[in-house]
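1. this one's sequence-less:
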């Protein structure tokens, strides 16, 4: 299998940010951030900025979910720091993954070839 789930951490706060220790045991880290509104936002792990990959918005409500990722994050227990542009209730969930890039690429390639995309 190309992906193996590792440690997970979650927390919530009503503030402009949150710092939580996460024990990374993989080579890829994903973080989900749920909040109300559209503040400026950033997340770092062990002082390294994470990439905001995807954001979803509820069109009937000001709720938003953003997914952040980081390849090859520092191993062991490090701080995950969430920074928001305004104080609000927010939830964060981090998950470490062990990703075999070679196998993952082959699986994606096989999936794409099944769809007629090469």
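-> Received, thanks. Not measured: the values here are computed from a predicted model.
2. For residue 49, see how far away the residue nearest the centre of the chain is.
-> The centroid of the chain falls nearest to residue 31 when counting by CA atoms, centre = their mean (2.1 Å). Distance, residue 31 to residue 49, using CB to CB, to the nearest Å: 12 Å. For every residue, glycine as well, the C-beta is placed using N, CA and C.
3. Give the residues shared as contacts by those two.
-> Common neighbours of residue 31 and residue 49, using CB atoms under 8 Å, 6 or more residues apart in numbering, are residue 43.
4. Just the element for the residue nearest to the centre of the chain, please.
-> strand 28-36 (DSSP states H and E).
5. So what touches the helix or strand just after that strand?
-> As assigned by DSSP H and E, the chain's next helix or strand after strand 28-36 is strand 41-45. Where contact means CB under 8 Å, 6+ apart, the residues beyond strand 41-45 that reach it are 22, 24, 29, 31, 33, 35, 49-50, 52, 66, 68, 70, 73-74, 78-85, 92, 94.
6. could you redo the last one with a cut-off of 7 Å?
-> With contact meaning CB atoms under 7 Å, 6 or more residues apart in numbering, strand 41-45 is reached by 22, 29, 31, 33, 49-50, 66, 68, 70, 73, 78, 80-85.
7. Many thanks, I have nothing further to ask.
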